[in-house]
Structures are given as C-alpha cells and as structure tokens.
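Asks: Below is the sequence, then the predicted model.
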Amino acid sequence: MAKDDILYAVDGAIATVTINRPSRRNSMTSSMLPEMNAILRHAADDPKVRVLILTGNGSDFCPGADLAVTAEGDTTVRAPLTPEDFLVPVLLHEMPAVTIAAIRGGCAGAGLGWALGCDLRFAAPSARFNTAFLDVGVAGDMGGPWSLTKLLGGAKARELYFMPRKIEADEALRLGLVSRLFPDETIAADVRAIAERLAEAAPIALRTMKANFLDAERMSFRDFIATESRRHIDIFKTEDTREAFRAKVEKRKPNFQGR
C-alpha cells in the first residue's frame with residue numbers, strides 16, 4: 001500500500017503511517033497526497049485497525065511542502081491534483097479508527113494540517129509548529145483554518161495564519177495545540193503505549209465514541225442526545241459490554257470479540 005516516501009504497517013489493531021523522507025526533513029511532494037489518501041482509505045476500510053499513528057521518520061514530522069521541489073516545478077505526480085487529493089486531514093479526522101499524531105521537529109504548513117486532522121496530538125520538546133503559508137505566498141491547504149478554529153477559537157486561528165511564526169512545544173501545549181509532551185528519546189514508545197491502551201478497549205464502544213464526537217460537530221444538542229442515546233442503548237445489547245461488566249466485577253482483563 002505504500003511507496004518509499006510513506007510507509008504503512010499494521011501490528012495487531014494498530015496501524016502506523018510514517019512520512020519517510022528524512023533526507024528532506026520529511027517535506028511533502030505532490031505525489032505524496034494521492035499516496036497518503038489511498039493509504040488512509042485502506043486503513044479506514046480495515047475493521048482490524050482500531051488506532052492509527054501518524055509520525056515522521058527521523059528528527060522531523062513534516063515541515064510542509066518541499067520548497068526546493070516546488071520552486072523548480074513539482075513534477076512528482078503524474079496526473080494533475082484534484083480536490084480529492086487534499087482530503088488527507090478529513091480522512092484522518094473521520095475514519096473509524098482513533099488517529100494520533102506523534103510529532104518531533106518541524107510540523108508546519110500542510111504537515112501541520114495533517115497533524116490537526118488527527119484526534120490526538122502528542123509532541124516532543126523538539127517540536128516546532130508554524131502555519132507558514134503566507135511566508136511562501138499561498139493561502140493554505142489541508143484544512144488548517146477549520147481545524148485550528150475548532151481547537152483554539154477563531155481569533156487565535158486567524159492570528160496564527162495571518163501572522164505566521166514558530167511555536168515552540170511548550171507554547172503548543174499551553175495553547176491546546178497538543179495534548180501532552182513526551183521526551184524526544186521516548187515519544188515513539190510513549191505514543192505506542194497510549195495506542196495499545198486504546199486498542200485494548202471494547203472495539204464497538206471505541207468506534208462509536210469517535211462517531212459521537214464527529215456527530216457532535218454537526219448536530220444540534222437535541223439531535224445529538226437522541227443519536228448518542230440510541231447508540232448507548234444498542235451498545236448495552238452487545239456481548240462486549242456484558243463482558244466488560246463481568247470483567248470489572250471479577251477484577252480481570254476483558255476478552256472482547258467485537259460483537
């Protein structure tokens with residue numbers, strides 16, 4: 001499912017997508033958009049995948065477009081790009097699996113848009129964030145204004161776009177751009193441990209919880225409560241929920257079957 005620029009691996013219920021251009025700080029080329037799109041659609045359609053980790057190989061996450069390639073005229077993609085190729089953050093945001101961005105080093109421009117599409121973002125102290133689009137004379141892509149407005153509010157999102165600057169990891173944590181900081185040396189293992197904990201949860205409940213959050217973004221409160229309560233009633237009828245209650249009473253680890 002992946003070329004060398006993007007690696008895809010599944011271990012149990014956890015998929016890992018690795019941006020793999022370390023010699024170019026994992027900067028993005030046009031060909032990586034349809035490639036990532038296809039990988040994420042594959043992951044979304046795989047019922048075994050409960051958690052997906054997005055990260056970069058080496059010292060950076062993704063600082064955005066490869067400026068040298070773009071300046072010369074990016075010919076890495078054979079067919080012209082379409083709006084469908086820019087759905088990567090939407091796929092990360094809406095796929096049934098819980099998505100996690102593990103961020104070291106540069107995370108800017110389109111790379112920031114990909115990270116913002118994830119459900120959770122964890123960073124190392126080396127992480128640096130920037131919208132960066134105005135610095136290279138473009139308005140932006142990958143949904144940052146939508147995602148940042150949801151996360152930080154409209155005024156702060158506008159400030160970061162209209163006045164781009166580097167945001168250090170500790171400020172990103174204070175702003176709520178990321179949830180936690182982990183040491184650079186251990187962030188991969190720390191995020192993996194979080195993913196494993198999520199992957200051990202009741203799979204129907206985990207996917208339903210994500211669906212609830214997606215519906216909460218687009219429904220009125222009354223409509224959301226109606227949808228949430230129907231799902232809650234239905235989950236109580238599943239074998240996994242009964243197993244979870246029994247395991248809690250018996251003080252043991254539950255054995256979920258996904259039904």
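Replies: Perfect, I can see it now.
Asks: buried ones in the least confident helix or strand in the chain by mean pLDDT?
Replies: In the chain, no helix or strand scores lower on mean pLDDT, DSSP states H and E than helix 67-72, which sits at a mean of 86. For helix 67-72, a neighbour-count test (16 or more other CB atoms under 10 Å) marks 69, 70 as buried. No exception for glycine: its C-beta is placed from N, CA and C like everyone else's.
Asks: Quick one: name whatever helix or strand follows that helix.
Replies: Using DSSP states H and E, the helix or strand that follows helix 67-72 towards the C-terminus is helix 88-94.
Asks: who does the nearest residue to residue 196 once chain neighbours are set aside bridge with?
Replies: Ranked by CB to CB, 6 or more residues apart in numbering and with sequence neighbours excluded, the top spatial neighbour of residue 196 is residue 14, at 6.9 Å. Beta-bridge partners of residue 14, counted by DSSP bridges, are residue 11, residue 51.
Asks: Just the helices from this structure, written as ranges.
Replies: 32-44, 67-72, 88-94, 109-116, 144-152, 154-162, 169-175, 187-199, 203-218, 221-235, 239-250 (DSSP state H).
Asks: Against residue 48, how distant is residue 56?
Replies: 24 Å (CB to CB, to the nearest Å).
Asks: Compare the two (neighbour count), which wins?
Replies: residue 56 (27 against 14; other CB atoms under 10 Å).
Asks: who does that one bridge with?
Replies: Beta-bridge partners, per DSSP bridges, of residue 56: residue 19.
Asks: coming back round to it: so the residue nearest to residue 196 touches residue 53, yeah?
Replies: Yes: with contact defined as CB atoms under 8 Å, residue 14 and residue 53 form a contacting pair (6.7 Å).
Asks: Now do the shared contacts for the two.
Replies: The contact sets of residue 14 and residue 53 overlap at 192, 195 (CB atoms under 8 Å, 6 or more residues apart in numbering).
Asks: Neighbour count: the two, which is higher?
Replies: residue 53 (24 against 21).
Asks: What ranges in the stretch 1-150 of the chain fall below the confidence cut-off?
Replies: 1-3 (pLDDT under 70).
Asks: hmm, 50 instead?
Replies: Counting by pLDDT under 50, the stretch 1-150 of the chain shows low-confidence ranges at 1-2.
Asks: In contact with residue 129, which residues?
Replies: Contacts of residue 129 (CB under 8 Å, 6+ apart): 107, 108, 112, 166, 167, 172, 177.
Asks: Just give me the closest of those residues to residue 9.
Replies: residue 107 (21.3 Å; CB to CB).
Asks: neighbours around the nearest residue to the closest one once chain neighbours are set aside, how many?
Replies: Nearest non-adjacent residue to residue 107, counting by CB to CB, 6+ apart: residue 61, 4.3 Å away. Burial of residue 61 is recorded as 31 neighbouring residues (other CB under 10 Å).
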